[in-house]
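A.B. asks: Sequence plus predicted model, see below.
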Amino acid sequence: MTTANRPEPAAPARSDFASDFLWGCATSSYQIEGAGSVDGRVESIWDRFAATPGKVRDGSSGAVACDHYHRWPEDFDIGRDMGLNAYRFSIAWPRIFGEVGGRPNQKGLDFYSRLVDGMLERGLQPWATLYHWDLPQYLQDRGGWARRETVDAFLEFADVMTRRLGDRVKHWITHNEPWCTAIIGNFEGWHAPGLTDFKTALQVAHHVLVSHGKAVPLIRANVPDAQVGIALSLHPLRAASSKPEDLAAMERHDGLRYRWFLDPLHGRGYPQATLDAIGDAAPAILPGDMEAIAVDTDFLGVNYYFPETIAHAPGHAPLDAEVLPPGEVETTAMGWEVAPQGLAELLLRIEKDYHPGPIYITENGSCYEDSVDAGGEIDDVGRRHYLMRHLASLRAAIADGVPVKGYFAWSLLDNFEWAEGYLRRFGLTHIDYDTQQRTLKGSGKWYRSFLRQE
């Protein structure tokens, strides 16, 4: 059965959720802003990575992207008209600091100040992410997140941004998806900076977590009424079979993919079984690091896209466990399984195991092969159904006692999709990259009717 021919799913109503529930969309700086060398912005690791032949599928970069740097008023108007009451964005570190020990770039600071004012003028509560993968290249040239000095540089960046924006921005996310920063960027190598060393990747993960832990009290000192958290990419995990070797492989994968981040954030340290398995690849940990990582936060951000099925795979680095491709199941254009029930499953596990306090779905979305019809409309049925079904699953998780307080759809706009370039579209709004024309898709119109209870 094709996506277009699927029966219309039963969708919740906005009134099924609390009256103070946050409804937003999420974006990230490198994926939408463009203006790659404008107003003092310096090179990021993604600029360097995208300029390396063969790294991005279509040979593109975020140099122009959606030109949000110049077109943000139109984009925020779209969000306002959709009925959003919150907007998640990230701050491009390379717009703020151009060198180690340098002075903050006033034009970069002014841009984000204008951006925040624009959100507030339209009734959009700003949610700022400090790090969404666009590390300044000059820091990578000195070793990147594998070096302790990058922790210090991040704290300086966090200090400057919260002092400048903290009078208006009260919700702060330190890092987006440390797994991707560390493992995909430094071990699997298909994200910037494109390294393939497991020990380096684990040191990166540790330093990212340390920088999070040390940034939380700093942010609170600058913004006394701040709400501070971190956003993790998480998957419900399933063993490929009931065989003992597959079950054991799932546990090994779980220790690295899930508990390596959630355990230390909740004061449990790194999982001992995982430390035993990785041996000499374990990160260097300084006195006080684990205590810093375990700082109390005000919320946990959860990014959910799909479940993972794990099989025992001898010789498959790093832990003899392999994530299998989906079988005969519904998938998106990314090849990701469509599993709305996985969202509730994941949330129930997090709540049962950690009781992290308020949870926000900081990303959830889908990629489909959109087509523009003769009238200029985009009837993206698959994305609309995806959204409806996942919101129904979210409602079920809340009914079962998970304290979810908000939902940010990924994404407001089609954008530069990292190593996929512009070949993949996740937006509720279509971008014609030749003209920069914005067109609300069918999914965006549904979200608008849901939010406005039309």
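C.D. replies: Received, thanks.

A.B. asks: Distance check, the residue lying farthest from the centre of the chain against residue 287.
C.D. replies: Most distant residue from the mean C-alpha position of the chain: residue 374, 34.1 Å away (C-alpha atoms, centre = their mean). Separation of residue 374 from residue 287 (C-beta to C-beta, to the nearest Å) stands at 66 Å. Using the backbone N, CA and C atoms, a C-beta is placed for each residue, glycine as well.

A.B. asks: Likewise for residue 376?
C.D. replies: Counting by C-beta to C-beta - residue 376 and residue 287 are separated by 61 Å.

A.B. asks: Just want to know which of those two has more residues nearby.
C.D. replies: Set side by side, residue 376 and residue 287 show more neighbours around residue 376, with 10 against 6, by other C-beta atoms under 10 Å.

A.B. asks: Sticking with the nearest residue to the more buried one once chain neighbours are set aside, tell me its helix or strand.
C.D. replies: With sequence-adjacent residues excluded and distances taken as C-beta to C-beta, 6 or more residues apart in numbering, residue 376 is closest to residue 439, at 6.4 Å. Secondary structure from DSSP states H and E places residue 439 in strand 437-440.

A.B. asks: And the next helix or strand past that strand?
C.D. replies: Taking DSSP H and E, what comes next after strand 437-440 is helix 442-452.

A.B. asks: Tell me the buried residues in that next one?
C.D. replies: 442, 443, 444, 445, 446, 447, 448, 450 (16 or more other C-beta atoms under 10 Å).

A.B. asks: Pick the one among these closest to residue 128.
C.D. replies: residue 447 (22.3 Å; C-beta to C-beta).

A.B. asks: who touches the closest one in this structure?
C.D. replies: 82, 83, 387, 409, 428 (C-beta atoms under 8 Å, 6 or more residues apart in numbering).

A.B. asks: can you check residue 240 too?
C.D. replies: Taking C-beta under 8 Å, 6+ apart, one finds 246, 249, 309, 310, 311, 312, 324 in contact with residue 240.

A.B. asks: Taking those residues, tell me the two that lie furthest apart.
C.D. replies: Longest span within the contacts of residue 240, C-beta to C-beta: 309 and 312, 12.0 Å.

A.B. asks: Helices of the stretch 201-350 of the chain, start to end?
C.D. replies: 244-257, 259-265, 272-278, 289-293, 340-354 (DSSP state H, counting those that start in this stretch).

A.B. asks: among these, which is the most enclosed?
C.D. replies: Mean neighbour counts were compared across the helices of the stretch 201-350 of the chain using mean count of other C-beta atoms under 10 Å; the top stretch is helix 259-265, at a mean of 22.

A.B. asks: Can I get that helix in CSV, CA atoms only?
C.D. replies: Once non-C-alpha atoms are left out, helix 259-265 reads as follows in CSV (Å, rounded to 0.1, in the frame of the first residue of the first chain):
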residue,chain,number,x,y,z
ARG,A,259,22.9,4.8,28.4
TRP,A,260,26.4,6.4,27.6
PHE,A,261,24.6,9.7,27.6
LEU,A,262,21.6,9.3,29.9
ASP,A,263,23.4,7.5,32.7
PRO,A,264,26.1,10.2,33.4
LEU,A,265,23.5,13.0,32.9
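
A.B. asks: same for that helix, what does it pack against?
C.D. replies: helix 198-222, strand 227-233, helix 289-293, helix 340-354 (3 or more C-beta pairs under 8 Å, 6 or more residues apart in numbering; DSSP states H and E).

A.B. asks: wait, which of these is closest to residue 144?
C.D. replies: Nearest of these (C-beta to C-beta): helix 198-222, 7.1 Å.

A.B. asks: Identify the residue spatially nearest to residue 108, adjacent ones excluded.
C.D. replies: residue 95 (3.4 Å).

A.B. asks: Just the pLDDT at the one you found, thanks.
C.D. replies: In this model, residue 95 is scored at 98, pLDDT.

A.B. asks: Repeat that for residue 231.
C.D. replies: pLDDT, residue 231: 99.

A.B. asks: Just give the nearest non-adjacent residue to the residue nearest the centre of the chain, would you?
C.D. replies: Centroid-nearest residue in the chain: residue 176, 4.7 Å away (criterion: C-alpha atoms, centre = their mean). With C-beta to C-beta, 6+ apart as the measure, residue 132 is the residue that lies nearest to residue 176, at 4.4 Å, once sequence neighbours are left out.

A.B. asks: got a list of what the one you found touches?
C.D. replies: Contacts of residue 132 by C-beta under 8 Å, 6+ apart are 28, 29, 30, 90, 176.

A.B. asks: From those residues, which land in helices?
C.D. replies: Judged by DSSP state H, these include 29, 30 as members of helices.

A.B. asks: And the contacts of residue 132, which is closest to residue 16?
C.D. replies: Closest to residue 16, out of all of those and judged by C-beta to C-beta, is residue 176, at 28.1 Å.

A.B. asks: contacting residues around the closest one?
C.D. replies: 28, 90, 129, 131, 132, 133, 231, 301, 303, 362.

A.B. asks: The first one: neighbouring residues, count only.
C.D. replies: Spelled out, that is residue 28. Residues near residue 28, counting by other C-beta under 10 Å: 25.

A.B. asks: State the pLDDT value of the residue lying closest to it once chain neighbours are set aside.
C.D. replies: Leaving aside its sequence neighbours, residue 28 sits nearest to residue 132 (C-beta to C-beta, 6+ apart; 4.0 Å). pLDDT, residue 132: 98.

A.B. asks: How about residue 10?
C.D. replies: In this prediction, residue 10 has a pLDDT value of 89.

A.B. asks: Need the three-state assignment for the nearest residue to residue 20 once chain neighbours are set aside.
C.D. replies: Spatially, and ignoring its direct neighbours in sequence, residue 20 is nearest to residue 405 (7.9 Å; C-beta to C-beta, 6+ apart). Secondary structure assignment for residue 405 (DSSP: H, G, I helix; E, B strand; the rest coil): strand.

A.B. asks: For residue 405, give me its contacts.
C.D. replies: Contacts of residue 405 by C-beta under 8 Å, 6+ apart are 18, 20, 21, 22, 299, 358, 359, 360.

A.B. asks: looking at this, the last one is in a strand?
C.D. replies: This means residue 360. Yes: secondary structure assignment places residue 360 in a strand (three-state DSSP).

A.B. asks: which residues does it bridge with?
C.D. replies: residue 301, residue 406 (DSSP bridges).

A.B. asks: Okay, it and residue 452: tell me how far apart.
C.D. replies: When residue 360 is compared with residue 452 (using C-beta to C-beta), they lie 21 Å apart.

A.B. asks: Please consider this matter closed, and thank you.
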